[in-house]
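**Q** this is the structure alone, sequence omitted:
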């Protein structure tokens with residue numbers, strides 16, 4: 001329930017639907033019945049954050065635990081921020097309408113470096129001290145994960161805990177620990193020292209950093225028994241890795257307004273510029289049966305009639321054609337269309353084309369990767385001009401008139 005003061009401001013902002021909550025699939029709990037409250041903050045506007053698969057997975061995972069209530073918080077657009085500051089309204093969660101100061105954890109996903117200033121702005125709007133050294137007692141633990149956590153140093157002054165790697169297990173382990181520490185009356189410092197012993201957890205306050213004269217790092221020295229090397233967490237069994245059977249369905253149009261199924265993690269390529277291709281190694285695939293079951297459940301529960309099969313390079317899934325045929329066994333009679341983003345020109349074929357256009361044609365986007373073969377070779381893109389031409393031919397012969 002949004003704060004009463006907010007209701008009076010909604011006619012003054014461009015898209016009120018960003019700030020009201022109440023969507024189909026949103027989880028509402030009695031805050032008296034939970035031990036841990038987690039504010040999942042996406043440092044961008046609602047339409048971007050609601051399109052992100054990570055928040056969908058972790059939101060459902062956390063809320064399946066009866067003692068955790070995970071709520072969503074998004075960065076307001078400039079018009080709403082102006083109204084919030086003018087009327088002294090703190091940044092609040094969509095499910096309860098409570099300000100960030102009411103939460104045990106304030107969690108951010110680090111998807112891109114340009115969002116770092118939004119993180120600080122959201123903390124400021126929520127009334128949370130920016131610097132971790134200024135936050136005391138066992139509350140307001142600011143945590144962060146995601147791809148940019150692989151280089152956390154630029155924002156270590158503001159974050160209490162970084163999660164490295166896949167978050168499905170490590171996040172819950174830290175919250176279980178927090179719940180125990182809260183019951184036992186432990187201090188913030190005791191909790192952070194214990195959390196640092198969990199694989200995949202980096203607690204910046206437990207490390208001293210020294211610098212060379214030119215400003216580069218000379219040494220990072222752990223203390224209080226913190227590990228010298230921190231290993232990322234990796235979920236190897238994707239069939240048994242948690243995946244939600246329901247998403248929060250937005251009330252307004254978002255960037256990727258469809259059901260999303262993750263078909264594998266990692267990438268077989270070694271493009272030299274690509275952080276994700278190295279960060280998410282090794283490659284881990286879901287089985288065709290698991291993908292079909294999860295897609296069908298999502299469509300039934302959300303009402304979406306389009307499924308996006310998500311990965312870093314979807315046409316590299318080793319069973320891509322059998323997968324599409326299995327999905328179409330129920331998608332075609334139920335009028336659900338399939339889309340394969342991240343298509344590679346050297347992995348596209350007539351069989352793939354015929355399967356994805358069964359219900360209705362989705363767009364086809366291919367990347368030539370660079371303007372010349374020399375540049376493609378330099379960045380380790382194994383794409384050749386004849387493959388580009390052949391892929392376009394397949395698309396045009398399959399009935400497409402435009403290829404991007």
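**A** In hand now; what should we look at? Nothing here was measured: the structure is a model prediction, and the numbers come from that model.

**Q** can we go C-alpha only for contacts and neighbour counts from here?
**A** Noted.

**Q** ranges for the helices of the stretch 101-250 of the chain?
**A** 116-125, 167-184, 188-195 (DSSP state H, counting those that start in this stretch).

**Q** show me the one of these that comes nearest residue 310.
**A** Within those, the stretch nearest residue 310 is helix 167-184; the backing value is 17.7 Å (Cα to Cα).

**Q** about what we covered before: okay, the helices of the stretch 101-250 of the chain in TSV with mean pLDDT and mean neighbour count next?
**A** Conversion of these to TSV gives the following (pLDDT from 0 to 100; neighbours: other Cα atoms under 10 Å):
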stretch	mean pLDDT	mean neighbour count
helix 116-125	98	18
helix 167-184	97	17
helix 188-195	98	18
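
**Q** so, low pLDDT: which residues of the stretch 251-400 of the chain?
**A** Segments of the stretch 251-400 of the chain classed as low confidence (criterion: pLDDT under 70) are 359-363.

**Q** so where do the strands sit in it?
**A** Using DSSP state E, counting those that start in this stretch, the strands of the stretch 251-400 of the chain run over 259-262, 264-265, 284-285, 306-310, 337-339.

**Q** okay, those strands in JSON lines with mean neighbour count and distance to residue 87 next?
**A** Compiled in JSON lines, the strands of the stretch 251-400 of the chain are given as follows (neighbours: other Cα atoms under 10 Å; distance: least, Cα to Cα, whole Å):
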{"stretch": "strand 259-262", "mean neighbour count": "21", "distance to residue 87": "37"}
{"stretch": "strand 264-265", "mean neighbour count": "24", "distance to residue 87": "45"}
{"stretch": "strand 284-285", "mean neighbour count": "20", "distance to residue 87": "49"}
{"stretch": "strand 306-310", "mean neighbour count": "21", "distance to residue 87": "41"}
{"stretch": "strand 337-339", "mean neighbour count": "23", "distance to residue 87": "44"}
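
**Q** could you export these as JSON lines, including distance to residue 300?
**A** As requested, these are exported to JSON lines (distance: least, Cα to Cα, whole Å):
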{"stretch": "strand 259-262", "distance to residue 300": "10"}
{"stretch": "strand 264-265", "distance to residue 300": "22"}
{"stretch": "strand 284-285", "distance to residue 300": "24"}
{"stretch": "strand 306-310", "distance to residue 300": "11"}
{"stretch": "strand 337-339", "distance to residue 300": "14"}
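
**Q** residue 243: which of those is closest?
**A** Counting by Cα to Cα, residue 243 lies closest to strand 259-262 out of these; the figure is 8.8 Å.

**Q** that closest one pairs with which strands, parallel or anti?
**A** Here strand 259-262 is paired, per DSSP bridges, with strand 306-310 (parallel).

**Q** what lies in contact with the strand it pairs with?
**A** 258-264, 295, 299, 336-342 (Cα atoms under 8 Å, 6 or more residues apart in numbering).

**Q** so where do the helices sit in the stretch 251-400 of the chain?
**A** Assigned by DSSP H, counting those that start in this stretch, the helices in the stretch 251-400 of the chain fall at 275-279, 288-302, 320-331, 350-356, 373-378, 385-397.

**Q** elements contacting the first one?
**A** The helices and strands touching helix 275-279, judged by 3 or more Cα pairs under 8 Å, 6 or more residues apart in numbering; DSSP states H and E, number zero.

**Q** which of the residues in it are buried?
**A** Within helix 275-279, the residues that count as buried by 16 or more other Cα atoms under 10 Å are 276-278.

**Q** can you give the distance from it to the centre of its chain?
**A** Taking Cα atoms, centre = their mean, to the nearest Å, the mean C-alpha location of helix 275-279 is offset from the chain mean by 15 Å.

**Q** same thing with stretch 47-58?
**A** A distance of 5 Å separates the C-alpha centroid of stretch 47-58 from that of its chain, computed with Cα atoms, centre = their mean.

**Q** before we move on, what about stretch 267-278?
**A** Centroid separation for stretch 267-278 versus its chain: 18 Å, with Cα atoms, centre = their mean.

**Q** tell me the one of the contacts of strand 306-310 nearest residue 233?
**A** Of those, the one sitting nearest to residue 233 (Cα to Cα) turns out to be residue 264, at 16.1 Å.

**Q** please tell me how far the closest one sits from residue 234.
**A** Look at residue 264 and residue 234: by Cα to Cα, to the nearest Å, they are 13 Å apart.

**Q** follow-up on the earlier one: could you dump the helices of the stretch 251-400 of the chain to a markdown table with distance to residue 88?
**A** Compiled in a markdown table, these are given as follows (distance: least, Cα to Cα, whole Å):
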| stretch | distance to residue 88 |
| --- | --- |
| helix 275-279 | 40 |
| helix 288-302 | 36 |
| helix 320-331 | 49 |
| helix 350-356 | 50 |
| helix 373-378 | 53 |
| helix 385-397 | 55 |
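
**Q** residue 46: which of those helices is closest?
**A** Proximity to residue 46, assessed across the helices of the stretch 251-400 of the chain by Cα to Cα, is greatest for helix 288-302 (18.3 Å).
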